[in-house]
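Q: Provided below are the primary sequence and the corresponding predicted coordinates.
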Amino acid sequence: YSHINDFYEIDARTYLESFNKKFHIISLMNSHLVRDVGSAGPPEFLHTEQALKSYLSHLKKNGYVSFEERIFGKKSVYSSKRFLNTVIQTLKKQNKDPKKHLYVYQWIYHSLPDYYTTKDFLMIMVKKSPFTKEDFKKIAFWKEQIHDKPYVNHQIIDIYPKLDSEDKMSKDFYGFIQKTISQKQSSKYKIISDNQPFPWADKNNTGLKKYFIKIIIVLSILFITLITFIVFKKTDLMNVFKSSKKDVLLLLFYFSGIGVGYFIIEIGLMNFYQIYTGGPGYSFVFILSVLLFSSGLGSHYRKKIKVQTNMIFLTILLLSLVHLFVFRKLIPLFQFSPLMNSILIAILVFPLGFVMGMPFPDGIAYVKKHIHEKWVPLFFAVNLIFSAFAVFLSFYLSVEKGFIFTFFTGLIFYLISLVMMSLLMKRRKFEQK
């Protein structure tokens with residue numbers, strides 16, 4: 001593109017949040033991390049309610065934002081309708097009449113090679129100011145110019161505001177837009193938000209649930225295998241278990257809780273800060289590396305920090321809530337560059353990672369002192385199994401309930417571990433008396 005003077009290889013939301021510029025056109029051509037809008041994949045923040053508000057705020061008076069969606073089948077149609085509903089409801093919330101700000105057409109590109117597997121494209125244009133008669137004259141002129149190209153074999157069908165074809169797909173989308181504009185929010189086509197940025201997710205998510213059940217079965221088999229090995233092969237461990245049964249059970253919940261809680265909070269932070277770092281890769285690198293490094297330091301210096309385990313857990317909960325309600329809303333106010341945002345986020349994440357590294361060595365120290373050091377590998381394995389489970393649980397809950405709900409779930413697991421450690425300490429105090 002020779003007419004583009006400045007090119008930035010960066011996430012669009014990050015760019016808009018970092019640079020206060022106004023544009024004539026913002027264009028998103030099938031801008032998904034997977035094949036199309038209907039394909040299951042990671043969270044994407046370019047087609048949410050908050051994204052559309054950001055696009056509109058960064059447009060000049062007569063500017064517009066354009067979206068292209070490839071239609072591969074029923075799932076693509078469903079997800080495109082979800083996005084159209086998001087556009088319409090966002091316009092309504094901004095007191096803009098969707099009838100005056102929305103232009104939708106179908107583009108059938110007959111010349112595309114067969115390996116594309118589809119020739120249908122849905123084009124959605126949202127204008128900051130109302131469309132005028134002059135705008136539609138220019139659109140009509142553009143369509144004539146396109147049709148006159150001898151090497152282009154395609155068809156453009158207006159869908160909204162005026163349907164000019166009996167094409168099945170066009171009629172379906174036209175009816176949906178009319179109905180959505182005249183009615184309130186539909187429960188079937190839920191608004192796509194930064195809290196649940198999964199356009200492909202439907203109300204049932206049957207495939208996702210089946211996949212999650214398979215993961216639970218596999219991890220349960222691993223856990224049962226581990227326990228069976230101890231029962232039949234490690235008789236010395238079983239003897240310890242018989243004498244410290246309650247402690248062992250409480251510690252199983254303790255190590256499971258910190259394993260699940262740590263990874264859910266880690267993934268939550270990556271999702272919360274992704275928009276400001278430049279993309280999912282940058283968010284992953286900065287937050288994961290800082291958390292692992294700071295947690296390692298926290299584990300290393302735990303013996304030198306004379307603070308009770310209960311206070312460590314309360315600090316984790318407090319810092320996590322500060323990230324959720326304060327820091328993630330504070331970052332965009334600075335309007336720093338993506339690199340400066342990443343550095344700032346790393347600094348803010350470091351204290352949380354430091355204290356999150358302390359509960360595990362506290363648990364190990366308790367096992368060595370009050371149970372038996374031969375039980376350490378078992379609890380280490382339990383922590384690993386539930387840490388792996390946390391990755392899938394986090395994704396499942398994020399799709400079903402959203403990032404905030406999932407983040408609170410991670411905090412609940414830390415609360416469970418806090419309760420378990422409190423019960424263990426009470427038992428020891430009672431035995432000493």
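A: Alright, I've got the coordinates. Numbering: from 1, shown residues only.
Q: so which helix or strand takes in residue 106?
A: Here residue 106 sits within strand 102-109, counting by DSSP states H and E.
Q: Need the residues that contact that strand.
A: 68, 84, 87-88, 91, 119-127, 131, 139, 153-161, 165, 167, 169-170, 173, 177 (Cβ atoms under 8 Å, 6 or more residues apart in numbering). Heads up, the C-betas are built off the backbone N, CA and C, glycines and all.
Q: Out of these, which sit inside helices?
A: Within those, residues falling in helices by DSSP state H are 84, 87, 88, 91, 139, 169, 170, 173, 177.
Q: Let me know whether the second one touches residue 52 as I believe.
A: Right, the one you point to is residue 87. Yes - taking Cβ atoms under 8 Å as the definition, residue 87 is a contact partner of residue 52 at 6.2 Å.
Q: list residues touching both of the two?
A: Residues within reach of residue 87 and of residue 52 at once, by Cβ under 8 Å, 6+ apart, are residue 126.
Q: Strand partners (parallel or antiparallel) of the strand holding residue 106?
A: strand 120-127 (antiparallel), strand 154-160 (antiparallel) (DSSP bridges).
Q: Pull the first one out as CSV, backbone CA atoms only.
A: Listed in CSV are the C-alpha atoms of strand 120-127, where the atom choice follows Å, rounded to 0.1, in the frame of the first residue of the first chain:
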residue,chain,number,x,y,z
ASP,A,120,-19.8,-14.7,0.5
PHE,A,121,-18.7,-11.7,2.5
LEU,A,122,-20.8,-9.5,4.8
MET,A,123,-19.7,-5.9,4.8
ILE,A,124,-20.8,-3.6,7.7
MET,A,125,-20.2,0.2,7.7
VAL,A,126,-20.9,2.4,10.7
LYS,A,127,-20.8,6.1,10.2
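Q: buried stuff in it?
A: Neighbour-count burial for strand 120-127, counted by 16 or more other Cβ atoms under 10 Å, picks out 120, 121, 122, 123, 124, 125, 126, 127.
Q: same thing with the last one?
A: Buried residues in strand 154-160, counting neighbours by 16+ other Cβ under 10 Å, are found at 156, 157, 158, 159, 160.
Q: Ok, stretch 390-398 next?
A: Neighbour-count burial for stretch 390-398 [16+ other Cβ under 10 Å]: 390, 392, 393, 394, 395, 396, 397, 398.
Q: ok, so of these, who is nearest residue 348?
A: For these, the residue nearest residue 348 by Cβ to Cβ is residue 394; the value is 20.6 Å.
Q: which residues are in contact with the host helix or strand of the closest one?
A: Per DSSP H and E, residue 394 falls inside helix 376-400. Helix 376-400 is contacted by residues 43, 196, 198, 201, 205, 208-209, 212, 215-216, 219, 222-223, 226, 230, 237, 251-252, 255-264, 267-268, 271, 360, 363-364, 367-368, 405-406, 409-410 when judged by Cβ under 8 Å, 6+ apart.
Q: Mark which of those residues are buried, thanks.
A: The neighbour count (16+ other Cβ under 10 Å) marks 43, 196, 198, 201, 205, 208, 212, 215, 223, 230, 237, 251-252, 255-264, 267-268, 271, 360, 363-364, 367, 406, 409-410 as buried among the contacts of helix 376-400.
Q: Out of those, name the ones that lie in helices.
A: Those of these lying in helices (DSSP H): 208, 212, 215, 223, 230, 237, 251-252, 255-264, 267-268, 271, 360, 363-364, 406, 409-410.
Q: buried sites along the helix or strand hosting residue 329?
A: Per DSSP H and E, residue 329 falls inside helix 328-334. For helix 328-334, burial by neighbour count (16+ other Cβ under 10 Å) applies to 328, 331.
Q: What is the distance between it and the centre of its chain?
A: 18 Å (Cα atoms, centre = their mean, to the nearest Å).
Q: Counting by contacts, list what it packs against.
A: helix 245-277, helix 338-356 (3 or more Cβ pairs under 8 Å, 6 or more residues apart in numbering; DSSP states H and E).
Q: in this protein, which ranges drop under the pLDDT threshold?
A: Scanning the chain with the threshold set as pLDDT under 70 gives 1-3, 147-152, 185, 230-243, 429-433.
Q: Specify the local secondary structure of residue 61.
A: strand (DSSP: H, G, I helix; E, B strand; the rest coil).
Q: Helix or strand: which one has the closest residue to it other than its chain neighbours?
A: Excluding the flanking residues, the one nearest residue 61 by Cβ to Cβ, 6 or more residues apart in numbering is residue 129, at 5.7 Å. Counting by DSSP H and E, no helix or strand carries residue 129.
Q: Next, the contact list for residue 129, please.
A: Listed by Cβ under 8 Å, 6+ apart, the contact partners of residue 129 are 61, 62, 101.
Q: these two touch, right, the last one and residue 130?
A: Yes - at 6.0 Å, residue 101 and residue 130 qualify as touching, with contact defined as Cβ under 8 Å.
Q: So if I had to pick from these two, which one is more boxed in?
A: residue 101 (20 against 13; other Cβ atoms under 10 Å).
Q: That one and residue 63, how far apart?
A: As for residue 101, its distance to residue 63 is 12 Å (criterion: Cβ to Cβ, to the nearest Å).
Q: Check residue 83 too.
A: 20 Å.
Q: and the two? which has more neighbours close in?
A: Neighbours were counted for residue 83 and for residue 63 using other Cβ under 10 Å; residue 83 has more, 22 against 18.
Q: looking at this, residue 26 is in a helix?
A: No - Residue 26 sits outside any helix when classified using three-state DSSP, being strand.
Q: burial of it, as a residue count?
A: With other Cβ under 10 Å as criterion, residue 26 counts 18.
Q: Same question for residue 358.
A: Residues within reach of residue 358, counting by other Cβ under 10 Å, total 23.
Q: Just confirm it contacts residue 314, I think it does.
A: No - with contacts counted by Cβ under 8 Å, residue 358 stays clear of residue 314, the gap being 11.9 Å.
Q: Need the residues that contact stretch 284-301.
A: When contacts are defined by Cβ under 8 Å, 6+ apart, stretch 284-301 is touched by residues 262, 266, 269-270, 273, 277, 342, 345-346, 349-358, 360-361.
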